[in-house]
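K.L.:
Okay, structure incoming, though there's no sequence with it:
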């Protein structure tokens, strides 16, 4: 409970830490059993902190398996919009109630304290409609709001999962039965746990199973599906080392690694308590949050970059910045508000990715289809254009995605659209751009079919709906090859960049560092009106 200057008491969720935050990372499993090996000495305890086994030092593989379980149950609602201001949320809520809509306010997030000092206000106010047990019904109801809101379906937990687990080593010398959760508690800092067959999914493509080496406390518990998941509890700085190691090659310039470390730390601080509200962890290990592979392949350069920027974040108006980033912007970054159903961030405005020009002499504002076509077919002198540049390390990802194209047959694309949108459009005639952001990224398209026309909104949804996996970006034009009767045969997407395009272009940051720019220069180029502060 917090008492403000007017002695008005309000109850908020508060997260308090000493020295630095502690992060709980959930690793996807989807298995009914998990194999692991302990490297060091561990105590094994249950969810009530009762010791099951003490001072376990074993070179054997161990297994946890589910003997019986039930998954959690959920209701489904429509998230219309999210607000920083409770008053703004309530004003819109009252207007919708006057029109007869069943809407409510939900407070999510937390206020974050470190060493007794208030660091960040991560409270958000969500405007939510309805509450149904049937997800399909919720999705039908959502169509009523599509014209005004970039809404989405959210889940709210009704009942928790539970299950009986069995733990045993490979020789079955030691075993125990546990309800719901077991925890592996290390007896020394250099101990680690190797988890086998962790499911790794990248983007929208099929994943594979990999090993994960984890430090700190490791939990194995029954998840919301009644299956097993692994949760790693680690310090924020150790987490940042793991994240930067996944995102950038250690041979990239140190200043680019520092810029990435600060942006990542800022993003984590700014979203703490706002992710995975139905789960028992703060962030997942997939690209939904941040790709995290544990403590494998950690390089000294990354450690140096994180250590030399410890506790440093980007700040704007007293709060840590939601400092998102993208692999390759394609020459122009995008406005935050054009991508997400969330309050606008003034430091995340789309910019021409060059320090010496605003791009007006090349293409000007990307406000007509002719200008967008000229832009995509051009090769402007921007940071992430690697043409004619040779460095001592690989930037193949930038060369691959700066400009790209992919072709689908009409029949292939019709099947993809039907599968991804649950809409049978019949014969696909055309794809019409309706709204674009400042970088040329599409916000809205219309698909013309023989059975029906459909409108798709939201950059990410458009990329999903028009690709077997995920289109590199929504900054694209479409070329249609037709037959003698005028019916389309093939659709070719010609595009610029990779990802949503908001915030720091990672390829651009690397190139800037190659030319001697400091991490401060890099960050101030991509995030306007910010300052860096050490918060712990």
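P.N.:
Looks like it arrived, so ask away. Keep in mind that what you see is a predicted model, and the values were worked out from it rather than measured.

K.L.:
how about the closest residue to residue 152 other than its chain neighbours, what does it touch?
P.N.:
Closest residue to residue 152 apart from its sequence neighbours, by Cβ to Cβ, 6 or more residues apart in numbering: residue 79 at 5.5 Å. Heads up, the C-betas are built off the backbone N, CA and C, glycines and all. If a contact means Cβ atoms under 8 Å, 6 or more residues apart in numbering, then residue 79 has 126, 127, 128, 151, 152, 153, 154, 341 as its contacts.

K.L.:
Give me the buried entries from these.
P.N.:
Neighbour-count burial (16 or more other Cβ atoms under 10 Å) applied to those gives 126, 127, 128, 151, 153, 154.

K.L.:
Would you format these as TSV with distance to residue 14, pLDDT and secondary structure included?
P.N.:
Converted to TSV, the buried ones among the contacts of residue 79 look like this (distance: Cβ to Cβ, whole Å; pLDDT from 0 to 100; DSSP: H, G, I helix; E, B strand; the rest coil):
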residue	distance to residue 14	pLDDT	secondary structure
126	19	95	strand
127	24	96	strand
128	23	97	strand
151	29	89	coil
153	29	95	strand
154	23	96	strand
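
K.L.:
Among the contacts of residue 79, which pair sits farthest apart?
P.N.:
Largest separation among the contacts of residue 79 by Cβ to Cβ: 127 and 153, giving 14.2 Å.

K.L.:
residue ranges for the helices of the chain, please.
P.N.:
86-98, 135-142, 236-247, 254-271, 300-307, 369-376, 396-401, 410-421, 459-465, 506-514, 519-526 (DSSP state H).

K.L.:
Could you tell me the least trusted of the ones you listed?
P.N.:
Mean pLDDT values for those show the minimum at helix 396-401, a mean of 91.

K.L.:
For that helix, name the packing helices and strands.
P.N.:
Under the contact criterion of 3 or more Cβ pairs under 8 Å, 6 or more residues apart in numbering; DSSP states H and E, helix 396-401 touches helix 506-514.

K.L.:
and the angle from the helix it packs on to helix 254-271?
P.N.:
Helix 506-514 runs at 140 degrees relative to helix 254-271, counting by axes from the mean of the first three to the mean of the last three Cα atoms, to 10 degrees.

K.L.:
Flag every buried residue along helix 506-514.
P.N.:
Buried residues in helix 506-514, defined by neighbour count with 16+ other Cβ under 10 Å: 506, 507, 508, 509, 510, 511, 512, 513, 514.

K.L.:
Also stretch 449-456?
P.N.:
Going by neighbour count (16+ other Cβ under 10 Å), the buried part of stretch 449-456 is 449, 454, 456.

K.L.:
Nearest spatial neighbour of the first one, chain-adjacent residues omitted?
P.N.:
Leaving aside its sequence neighbours, residue 449 sits nearest to residue 425 (Cβ to Cβ, 6+ apart; 2.8 Å).

K.L.:
The one you found and residue 452 touch, don't they?
P.N.:
Yes: using Cβ atoms under 8 Å, residue 425 is in contact with residue 452, at 5.7 Å.

K.L.:
pLDDT weak spots in the chain?
P.N.:
1-12, 29, 200-208, 296-298, 341, 357-364 (pLDDT under 70).

K.L.:
beta partners for the nearest residue to residue 284 once chain neighbours are set aside?
P.N.:
Leaving aside its chain neighbours, residue 284 sits nearest to residue 26 (4.9 Å; criterion: Cβ to Cβ, 6+ apart). With DSSP bridges as the criterion, residue 26 is bridged to residue 231, residue 284.

K.L.:
Is residue 26 in contact with residue 281, as I believe?
P.N.:
Yes: counting by Cβ under 8 Å, residue 26 touches residue 281, with 3.8 Å between them.

K.L.:
residues shared between the contacts of the two?
P.N.:
residue 231.

K.L.:
Alright, I will stop here.
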